[in-house]
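1. test case, fold it:
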Amino acid sequence: MASTPPRQDVPPMLPDASSARAQPYSSGPTGVGTQPFRPSTQNQGTYPVPPFRPDQTASYAFRPPPNQGPVYRPPPSTSDRASGYPYTQSSSQPASAGPPLNQPPSVSSTPGSLSSSSYYPRMPAPPQFRPPSAVPSSSGQVMMPQPSLPGQGASAYSKSPITGPVSMSQTVNPLASTAGPFPVQPAILNQPSMSTVGLSRTGQNVPGPFSTSSRSMPINPVPSSGPVLPGIPQSLPGMPVSNQNPAGQHPAGPVSTPVNQPPPMFTSQVSNQMSVNRQSSAPAPGSFSSPPKAPTATPARGPPTFGLPATSAPVPNIPPPLPNSASVGPGFPGQMGTYNVPQGQGLSNPSQYPPAFGSVQSAQYPQYASGAPSLTSDGQLNRATAYPGAAPLYQNVQGLVEEFQSLSMISGPGSMEGSVDASALPRPELQDSDYPVQSSPANCHGRYFQLTCNALPNSQSLAARWHLPLGAVSHPLAEAPLNEEVPVIDFGSSGIIRCRRCRTYINPFAVFTDNGRRWKCNLCNLNNEVPSDYYCPLDQTGRRTDVHERPELSRGSVEFIAPAEYMVRPPMPPVYFFLIDVSFSAIKTGMLQIAVDTIKSCLDKLPGYPRTQIGFLTFDSALHFYSLKSTLTQPQMMVVADLEDPFLPMPDDLLVNLSESKSVVEALLNSLPSMFKDNLNVESAVGPALRSVFMIMSQLGGKLLFFQSSLPSLGVGRLKMRGNDQRVYGTDNEPSLRNPEDPFYKQMAADFSKMQISVNLYAFGDSYVDLASLGTLSKYTAGQVYFYPSFQPNLSGEKFRYELARDLTRETAWEAVLRIRCGKGMRFSKYHGHFMLRSSDLMALPAVDCDKAFAMQLTLDETLLTTQNAYFQSALLYTSSNGERRIRVHTAAAPLVSDLNEMYRAADTGAIMMLMSRIALESSLVSKLDDVRQQAVQSKLVRAFREYQNLFGVQHPLTGRLIYPESLKLLPLYCLGLYKCLALRGGHTNATLDERLFATFDMMVMSVPRLLSLLYPVMFRLDEHLLHGDADIKAIQRLPLTSEKLDARGAFLVNDGVRFIIWLGSVLPVDFSIQLLGIEAVQSGDFNKAVFDGNNNVSKRFATLLKSLRSRNPAVFQQCHFVRQGDQPREGFLVLFNMVEDRPAGLVGYADWMSQLFRQVKQKA
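-> Residues are numbered from 1 along each chain as shown. This is a model prediction of the structure:
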């Protein structure tokens, strides 16, 4: 066996202590060029389906147990008992159970229908195929067959009659096939279906060339080699047919639609008539049926296996999950059903419906991770679980899934400009989670790694047509729900299994060969030897027999304990050092008292106890050092007044072990407020203090908590007041206000990062503190910025206590480095977040926690990628608080596609907005805000929608309509929120410079759910919820963010992910106000005196509601801000600016935004 090359995770170590401190790892993730693995497509294996009994026709069914949904019962397998898997995929072993993959079992030709609507079909007949032909209807017209999709088990005839000679080029799809008495939806080859609603200003349906008063006949493309979901087949052999017509029944009545025109649009009356009584023997008016035809068992093209070879070679370690009990009910695409559309209601809000199982979107949302949407007790679709960004699955809709939506842009009276009915615009719904989820255990959960598009382009030319950001969001330490913790694996002295060439860690997508003696890397396709102590034989399916016992072979997220060769020195203990401003402003605001009280309460909760190290330094115009040696009974303070060349008095006693010196530390914390209570010194020597802290912490590293309440005024790094000159805004000098004034802080940040020191900044004060300069310390050291303008203990004290306590007690990864690998032909070119880039792809994170997320832009280096799938692996090497070196690994996979439409269908709005917002925020450092809003936000949105319009403009010339992909229906709304957010909107009059910079720093670290809440906050009526509802947040009725929804008789709560804003109407009943706020606050009009004592139902429910909402966003403390109607300027700043759909301060509204988007898309479409 070839010798293993030396590990190349970090640059070579230097012998001096400084280099050893900077590079604590001798091995880690590396970014060597890789060659992705390309699976073969020959000799596909078998897939499990229930055994078909000849005595059962398509109408057979079974009744599930009471209060349960449909149950899937896979047949036992006799060919793979050793592994326990119910199917085989190795052609070297004969399949003894189940039909071949992609080949439906034989089915009886006896026609039938579902016996009762209360029965659940277990396994309807699979699709059959026969050559297309024209079939005469009872009225003498010729009905053309439409293509049958895999898994539908049926065919359908077009309602378009042929009044003349049949032209196969116009009416017959040469690839379409039909057979049997089982009806399916009509479809048109390679053409998308479209929305059917013409939306006007008044909300009425507007007739048009492709729309009627309610619905259209949905049409769908024939499945092609599109993206394949990780672990989820695109079609199953047993897709149900929920609406069967008796044999021999044809569409009743003549149809006069010309054959060359698009499919007819059905009105709501027709849709209502299409409800089929499954127990009736006669067809419903307007329904479709096919003449009896003996089925022919022709093999159908089936789903390829995602990420793994479909050949006789060994198959992946983790098979695709089998459908669960909810996966064979009336929820599969391909089923024939009806949906009764109410009068005057169209499909303007497709977010009511969940994504189709087998589509790319279905793999992104938790409620469909098991394979199908949840059902209610009566077997109907539970629409409450639908995700607003998903592609719709129309439960009981006549037709297949629609691929895009459209809005009617009409001209109002006396206007030539296009407009849109605001009530018809798409809006998000209240969700349990905004994270996409793993489609199978082999793929890591979306909370850890999230692609902006779950179907990636296979060529540079296709990527150039994708005008939205292409990349990923990495959140390596995201908090997991209970019972979903990342498993920890210890390989012991044998070492972690990694690829010899690209250094990829072993993962579920690796393929074992040679009876388990070798494994093939899924990133570079290199065959690696399996160590003898890791060897395990393969079963007859090609999987290791111990796959269930090894999480690294079955889970997309794992954590390895690193052996000794991954470090050059013993793990360092957790270090917390506090740099506290004790000048006059810090004492006056009360910051010092709250800070020391919170620190003292958290001493026993600091991670790593009893190894934890701690130290303190205070400053004003001088530096105050404190000796905390354990032999002392009281701390000793030493003052250094030399700011030009500060030194360390008693350097060995400034950083001590907390468990040994706890009593001395507590004595210092008790005495600090009294020591400086009469301090009148207003100077601030920030630069010299930072240099002194660097000398103290450089040996161990750790976390620096920096409390600052005034502008640095003495020594190196002193700053001057800037940003008050309004004439600078809008000029070329504007970006300089958002950059550090003095390069000292950026250089200091680089030194801190090199020595594994992370800086968290807590900024206070009534005046300007220059966050643009001070925040640089946190930006390049993986830290975080906290800002409390006009700090008052009775208003913001609770928020400060919570956020400081969370910073001290949350689990932290120390001395961390992060690298994300991908296959050959692609790389991550740019990174966005708080970190220091040590090499081209290695992010240095001195201290990182669960509240930090990162974004990356993906670039294709090769003209054409020939592999089928792309693989990504995120590896975070760090030291845990208990002193273990660990490696957290997240592995993900996505298909490569050649169709731009597939990319649009697989787009992830949340990840796109994360990457787009960070690109825009970084652009604001070099460009004017007007240019950033135009170029980084609006122009990208216009180009993306224009490209999508060009895809279907020829097939569907929708004059006066804006079409958009279902997956991105909320993208314009979130872009409008980004356009109006505090970090990018307006000039000096809209926000102070520090407030704008704090919003920038906060958005650069926040997670996807927090960002979406910030861009489009949640608003609901509070008084009705507390009086007539309960404290359960699931009962909240979300309202559009427009002032028209604010009622002067009610109270409303706005949650933007940063704070809670409670708007109180001017005629709100006094009784409710007293119950909510207390009689003293109501009588005095001072909301600061509000008391939530829980002595009545309203107050009790309100406290419970706030607790529930805060638990969903633990990263920050959301403070309550009460605003009475007409209270200016608080109402304007806190409430009206959050009304995203309105037009405050001359900004564009939602309807106008969509109209502008429509006009700009049409300019060159």
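2. C-alpha from now on. contacts and neighbour counts both.
-> Noted.
3. what number of residues lie near the nearest residue to S461 once chain neighbours are set aside?
-> Nearest residue to S461, sequence neighbours excluded (Cα to Cα, 6 or more residues apart in numbering): T863, at 7.5 Å. For T863, the neighbour count with other Cα atoms under 10 Å is 12.
4. next one: the one 5 residues further on
-> Using other Cα under 10 Å as the criterion, Q868 is surrounded by 20 other residues.
5. next: W519.
-> The local packing of W519 (other Cα under 10 Å) involves 20 other residues.
6. so which helix or strand takes in it?
-> strand 518-520 (DSSP states H and E).
7. contacts only, for the residue nearest to S461.
-> 459-461 (Cα atoms under 8 Å, 6 or more residues apart in numbering).
8. quick one: it from N458, how far?
-> Going from T863 to N458 by Cα to Cα, to the nearest Å gives 8 Å.
9. likewise V1082?
-> In this view, V1082 and N458 are 63 Å apart by Cα to Cα.
10. which one's more surrounded, these two?
-> Comparing V1082 with N458 by other Cα under 10 Å, the one with more neighbours is N458, at 25 against 18.
11. phi and psi next, for the more buried one.
-> With angles defined as degrees, to the nearest 10, N458 sits at phi -100, psi 10.
12. is it correct that it is in contact with D861?
-> No. If you go by Cα atoms under 8 Å, N458 and D861 don't touch, sitting 10.9 Å apart.
13. which strand runs longest in the chain?
-> strand 885-897 (DSSP state E).
14. show me which residues of that one are buried.
-> Judged by neighbour count (16 or more other Cα atoms under 10 Å), strand 885-897 contains these buried residues: 885-897.
15. with pLDDT as extra columns, can I get these in TSV?
-> Output for these, formatted as TSV (pLDDT from 0 to 100):
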residue	pLDDT
R885	94
R886	96
I887	97
R888	98
V889	98
H890	97
T891	97
A892	96
A893	95
A894	95
P895	95
L896	96
V897	96
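16. now these as TSV including distance to K940?
-> As requested, the buried residues of strand 885-897 are arranged in TSV below (distance: Cα to Cα, whole Å):
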residue	distance to K940
R885	42
R886	40
I887	37
R888	34
V889	33
H890	30
T891	30
A892	27
A893	26
A894	24
P895	24
L896	23
V897	22
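17. name the helix or strand of the chain that has the lowest mean pLDDT.
-> Least confident helix or strand, the chain: helix 268-273 with a mean of 34, by mean pLDDT, DSSP states H and E.
18. point out where the protein drops to low pLDDT.
-> 1-419, 431-439, 953-959, 987-989, 1029-1032, 1093-1094, 1164-1165 (pLDDT under 70).
19. which secondary structure elements does the strand holding W519 contact?
-> Using 3 or more Cα pairs under 8 Å, 6 or more residues apart in numbering; DSSP states H and E, the elements in contact with strand 518-520 are strand 511-513, strand 527-529.
20. list of residues touching it?
-> Outside strand 518-520, the residues that reach it (Cα under 8 Å, 6+ apart) are 510-513, 526-530.
21. looking at the residues you listed, which is nearest N1095?
-> Nearest to N1095, judged by Cα to Cα, of the contacts of strand 518-520 is A510 at 60.2 Å.
22. now do the closest one against L553, distance only.
-> A510 sits at a distance of 8 Å from L553 (criterion: Cα to Cα).
23. do F952 as well
-> Look at F952 and L553: by Cα to Cα, they are 43 Å apart.
24. so for the two, which sits in the more crowded spot?
-> A side-by-side neighbour count of F952 and L553, using other Cα under 10 Å, places L553 first with 23 against 18.
25. which stretches of the stretch 651-800 of the chain form strands?
-> 656-657, 702-708, 757-765, 785-789 (DSSP state E, counting those that start in this stretch).
26. remind me what the third one packs against, helices and strands.
-> Counting contacts by 3+ Cα pairs under 8 Å, 6+ apart, strand 757-765 is packed against helix 584-589, strand 702-708, helix 776-779, strand 785-789, strand 842-849.
27. try 7 Å this time
-> strand 702-708, helix 776-779, strand 785-789, strand 842-849 (3 or more Cα pairs under 7 Å, 6 or more residues apart in numbering; DSSP states H and E).
28. got the CA coordinates for it in CSV?
-> C-alpha atoms of strand 757-765 as CSV (Å, rounded to 0.1, in the frame of the first residue of the first chain):
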residue,chain,number,x,y,z
ILE,A,757,-8.4,35.7,20.3
SER,A,758,-12.0,36.5,19.5
VAL,A,759,-13.5,39.9,20.4
ASN,A,760,-17.1,40.5,21.3
LEU,A,761,-17.9,44.2,21.4
TYR,A,762,-20.6,45.7,23.8
ALA,A,763,-21.1,49.3,22.8
PHE,A,764,-23.1,51.8,24.9
GLY,A,765,-23.6,55.6,25.1
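29. list the neighbouring strands of that strand plus their orientation.
-> Strand pairing for strand 757-765, using DSSP bridges, gives strand 702-708 (parallel), strand 785-789 (parallel).
30. out of those strands, nearest to L425?
-> Going by Cα to Cα, the one of these nearest L425 is strand 785-789, 35.8 Å.
31. hmm, who's touching that closest one?
-> 760-766, 775, 778, 998, 1001-1002 (Cα atoms under 7 Å, 6 or more residues apart in numbering).
32. so how far is A844 from the closest residue to R1124 other than its chain neighbours?
-> Spatially, and ignoring its direct neighbours in sequence, R1124 is nearest to L1064 (4.8 Å; Cα to Cα, 6+ apart). Per Cα to Cα, L1064 is found 47 Å from A844.
33. re the thing from before, now the strands of the stretch 651-800 of the chain in CSV, with distance to I580 and mean neighbour count?
-> As requested, these are arranged in CSV below (distance: least, Cα to Cα, whole Å; neighbours: other Cα atoms under 10 Å):
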stretch, distance to I580, mean neighbour count
strand 656-657, 18, 20
strand 702-708, 5, 25
strand 757-765, 10, 25
strand 785-789, 14, 20
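34. list the contacts of stretch 728-746.
-> Contacts of stretch 728-746 (Cα under 7 Å, 6+ apart): 717, 723, 772-774, 776-777, 924-928, 987, 997.
35. the strands of the stretch 651-800 of the chain into CSV, with extra columns for distance to G495?
-> Listed next are the strands of the stretch 651-800 of the chain as CSV, based on distance: least, Cα to Cα, whole Å:
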stretch, distance to G495
strand 656-657, 33
strand 702-708, 28
strand 757-765, 29
strand 785-789, 39
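36. out of those, flag the one nearest M836.
-> Here strand 757-765 is closest among the strands of the stretch 651-800 of the chain (Cα to Cα), at 10.7 Å.
37. ok, which of the strands paired with strand 757-765 comes nearest R810?
-> Going by Cα to Cα, the one of the strands paired with strand 757-765 nearest R810 is strand 702-708, 12.5 Å.
38. and the angle from the closest one to strand 842-849?
-> Interaxial angle, strand 702-708 versus strand 842-849 (axes from the mean of the first three to the mean of the last three Cα atoms, to 10 degrees): 70 degrees.
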